[in-house]
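*Asks:* Generate coordinates for the sequence data below:
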Amino acid sequence: MSQQDFIIWVFCWVDDNLTQLQQGMRFRSRGYPPKLSDAEAITMEVVGEFLGFSTDKGIWTYFRDHWREWFPELGSRANFAKQISNLWVVKQQRQEKLARLLGAPDRPVHIIDGF
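*Replies:* Residues are numbered from 1 along each chain as shown. Sure thing, here's the model as predicted:
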C-alpha cells in the first residue's frame, strides 16, 4: 500500500468512527472550533506514529513539510499539539474499538513490541 493510500485509509476509518462516536454530541463545549478537523488531526498522529515520529513536533513538522497540500488548515505546532492532546479520550475509545475488531481480547498471547 502506498503512503498516500495509507493516509486516505486511516482518514476514512477515523472520520467514519468519529462520526459514529459523536452521534449529535459535541467534543467541545466552548471556544472556537479548530480549523483542522479532529479526523485530520488524529489521522496525522496515527500516520506519524506509524512512520516512527514519537513527538507532536516531529509529526507536525513532517506533515507541514511533506503533506501540506493535503492538510491546508494545518496551523501552528502549538495549536496542533493542544488539539491532539485534548482528544485523548476519543483516541482511547477508538483504540479500544480497534483492539476488539482485531480480536485482541480473545487472544491469550499479545505481541507488544516487534523489536
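
*Asks:* So what touches the helix ranked longest in the chain?
*Replies:* Longest helix of the chain, by residue count under DSSP state H: helix 3-22. Outside helix 3-22, the residues within contact range by Cβ atoms under 8 Å, 6 or more residues apart in numbering are 1, 37-40, 42-43, 46-47, 50, 67, 70, 90, 93-94, 97. Yep, even glycine has a C-beta here, placed from its N, CA and C like the rest.

*Asks:* again with stretch 54-66
*Replies:* Stretch 54-66 has contacts (Cβ under 8 Å, 6+ apart) with 44-45, 48-49, 51, 53, 71, 74, 77, 80-81, 84-85.

*Asks:* again, only using 6 Å
*Replies:* Applying Cβ atoms under 6 Å, 6 or more residues apart in numbering, the external contacts of stretch 54-66 come out as 44, 48, 53, 71, 77, 80-81.

*Asks:* same thing with stretch 69-79?
*Replies:* For stretch 69-79, the surrounding residues in contact (Cβ under 6 Å, 6+ apart) are 35-36, 40, 57, 60, 63.

*Asks:* Can you select the buried ones from the residues you listed in PyMOL?
*Replies:* The PyMOL selection below is limited to those of the contacts of stretch 69-79 classed as buried (16 or more other Cβ atoms under 10 Å):
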select buried, resi 36+40+60+63
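
*Asks:* Tell me which two in the contacts of stretch 69-79 are the farthest apart.
*Replies:* Pairwise distances across those peak at 19.0 Å for 35 and 57 (criterion: Cβ to Cβ).

*Asks:* Only C-alpha atoms, please: export stretch 88-102 in PDB.
*Replies:* Taking Å, rounded to 0.1, in the frame of the first residue of the first chain, the C-alpha atoms of stretch 88-102 are listed here in PDB:
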ATOM      1  CA  TRP A  88      -7.100  11.800  24.300                       C
ATOM      2  CA  VAL A  89     -10.400  10.300  25.400                       C
ATOM      3  CA  VAL A  90     -11.600  10.000  21.800                       C
ATOM      4  CA  LYS A  91      -8.400   8.300  20.800                       C
ATOM      5  CA  GLN A  92      -8.500   5.900  23.700                       C
ATOM      6  CA  GLN A  93     -12.100   4.900  22.700                       C
ATOM      7  CA  ARG A  94     -11.100   4.300  19.100                       C
ATOM      8  CA  GLN A  95      -8.100   2.300  20.200                       C
ATOM      9  CA  GLU A  96     -10.300   0.000  22.300                       C
ATOM     10  CA  LYS A  97     -12.700  -0.400  19.400                       C
ATOM     11  CA  LEU A  98      -9.800  -1.300  17.000                       C
ATOM     12  CA  ALA A  99      -8.400  -3.800  19.500                       C
ATOM     13  CA  ARG A 100     -11.800  -5.500  19.700                       C
ATOM     14  CA  LEU A 101     -12.000  -5.600  15.900                       C
ATOM     15  CA  LEU A 102      -8.600  -7.200  15.700                       C
END
